[in-house]
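Engineer: model the following, please.
(one chain, ligands or ions: 1)
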Amino acid sequence: MSDAILKIEQLCVSFDGFPVLDNLDLVVARGELRFLIGPNGAGKTTLMDVISGKVRARSGRVLFDPTVPASGDPYPPSVEIHGEIRFEGLELSRMREDAIVRAGIARKFQTPSVFNSLSVAENVAVAASYRDRFFRQLMPPSAGRRERVRDALAQVGLLERAGVHAGALSHGERQWLEIAMLLVQSPRIMLLDEPIAGMTKQERERTGELLHRLAGAHTIIITEHDMDFVRQYARTVTVLHMGQVLREGPIDEIQQDPVVREVYLGRQKVHAGDAA
Ligand SMILES: Nc1ncnc2c1ncn2[C@@H]1O[C@H](COP(=O)(O)OP(=O)(O)OP(=O)(O)O)[C@@H](O)[C@H]1O
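Structural biologist: Model prediction:
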């Protein structure tokens, strides 16, 4: 794979001496929509925590290539030497959380963190200034920034709600607002923790379509428990189990895999049509 944006090698994390991630290897391609699934306690959140710098690894490497694609070419080839990817990106496991954000990794947690008293557009404008120096944050938004805010809101379908107080949004709209708050920062990778939790069926569908629209131009890594949603919208799925990658591949193959069914899907409500 020559267009990797994230390459995780032999990652180990322990809590109180108990291994939670155990020599985990993972490669994510630029522009990919990657679903992380697995039973409770498999290590999904911890993996997201390591990528975003919230949790420190005991050993291993988290390599991130923040190269901006050349215009017109969304999938620039990384340098390959003798079949090996020469990965000269950043080593995230040694970086501070704020430095990782500035390097282009944005995360949306399950619990929304919007300012209810600000309008939808103001929330996105605040997010747009995260990477600014302090004095720049005090200045009124430039025309360019206002345009970026509008663009982010348009992408998530909230442009018509720009002037509404965030506190008045529905649950689904708040989640999309948060995605707009990531988009306006032009992240290289977006990490989404169970973004559809608590959404209505309609909101889930809109979110799935949104993720598909964003993938390609953006790299998205998403943890998800809702297997109906995963079946409908996932492309490549990585199944974690006991801190390791159990399986990885297209969802059609993954859901037929007997080992996966045993450790994970078998515990879920399986559709009648899925029976082997
Ligand atoms: N801060 C912590 N201190 C100690 N143990 C922790 C901590 N965070 C997570 N764990 C443990 O690490 C293991 C992996 O947890 P993690 O939250 O990463 O799993 P998960 O796959 O995200 O699970 P879920 O789907 O339930 O969110 C679990 O056994 C959990 O109890």
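Engineer: contacts and neighbour counts: CA atoms only from here.
Structural biologist: OK.
Engineer: for the helix or strand where V260 lies, C-alpha coordinates in CSV please.
Structural biologist: Taking DSSP states H and E as the criterion, V260 maps to helix 258-263. Output of helix 258-263 as CSV, limited to C-alpha atoms (Å, rounded to 0.1, in the frame of the first residue of the first chain):
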residue,chain,number,x,y,z
PRO,A,258,-16.6,-17.5,11.4
VAL,A,259,-14.0,-16.3,13.9
VAL,A,260,-15.4,-12.7,13.8
ARG,A,261,-18.9,-14.1,14.2
GLU,A,262,-17.8,-16.1,17.2
VAL,A,263,-16.1,-13.3,19.0
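Engineer: is that helix in proximity to the ligand?
Structural biologist: No. Under the criterion of CA under 6 Å from any ligand atom, the ligand is not reached by helix 258-263; the shortest gap measures 12.7 Å.
Engineer: enumerate the positions of that helix that are buried.
Structural biologist: Residues V260, R261, V263 are the ones in helix 258-263 that count as buried (16 or more other CA atoms under 10 Å).
Engineer: got CSV for these, with distance to V27 too?
Structural biologist: CSV is the format used below for the buried residues of helix 258-263 (distance: CA to CA, whole Å):
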residue, distance to V27
V260, 20
R261, 23
V263, 22
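Engineer: mind putting the residues you listed into a markdown table with pLDDT and distance to A103?
Structural biologist: A markdown table is the format used below for the buried residues of helix 258-263 (pLDDT from 0 to 100; distance: CA to CA, whole Å):
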| residue | pLDDT | distance to A103 |
| --- | --- | --- |
| V260 | 90 | 35 |
| R261 | 87 | 37 |
| V263 | 84 | 36 |
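Engineer: closest to the ligand out of those residues?
Structural biologist: V263 (12.7 Å; CA to the nearest ligand atom).
Engineer: tell me the contacts of the closest one?
Structural biologist: P39, H241 (CA atoms under 8 Å, 6 or more residues apart in numbering).
Engineer: ok, now K54?
Structural biologist: K54 touches E97, counting by CA under 8 Å, 6+ apart.
Engineer: okay, and it sits in which element?
Structural biologist: Judged by DSSP H and E, K54 forms part of no helix or strand.
Engineer: and the strands in the chain?
Structural biologist: 4-15, 18-29, 33-37, 59-64, 80-81, 84-85, 90-91, 105-108, 189-193, 219-223, 236-241, 244-250 (DSSP state E).
Engineer: strands paired with the third one, and their directions?
Structural biologist: The strands that strand 33-37 pairs with in its sheet are strand 219-223 (parallel), strand 236-241 (parallel) (by DSSP bridges).
Engineer: got the angle between it and strand 18-29?
Structural biologist: Between the axes of strand 33-37 and strand 18-29, defined by axes from the mean of the first three to the mean of the last three CA atoms, to 10 degrees, the angle is 160 degrees.
Engineer: residue numbers of this protein in contact with the ligand?
Structural biologist: Taking CA under 6 Å from any ligand atom as the contact definition, the chain meets the ligand at F15, V20, P39, N40, G41, A42, G43, K44, T45, T46.
Engineer: distance of the fourth one relative to V259?
Structural biologist: If I follow you right, that is N40. 16 Å (CA to CA, to the nearest Å).
Engineer: beta partners for the residue nearest to the spatial centre of the chain?
Structural biologist: By CA atoms, centre = their mean, the chain has its centre lying nearest to L191, at 2.1 Å. Bridge pairing for L191 (DSSP bridges) gives the partners R107, I221.
Engineer: help me confirm that it comes into contact with R107.
Structural biologist: Yes. With contact defined as CA atoms under 8 Å, L191 reaches R107; the gap is 4.5 Å.
Engineer: so what's V13 bridging to?
Structural biologist: According to DSSP bridges, beta-bridge pairing links V13 with L21.
Engineer: OK, contacts around it?
Structural biologist: Applying CA under 8 Å, 6+ apart, the residues near V13 are P19, V20, L21, D22, R56, A57, R58, S59.
Engineer: do you know how far the fourth one is from A42?
Structural biologist: Looking back up the chat, that one is D22. On the measure of CA to CA, D22 and A42 end up 11 Å apart.
Engineer: anything in contact with each of those two?
Structural biologist: Shared contacts of D22 and A42, counting by CA under 8 Å, 6+ apart, come down to M242, G243, Q244.
Engineer: alright, I will stop here.
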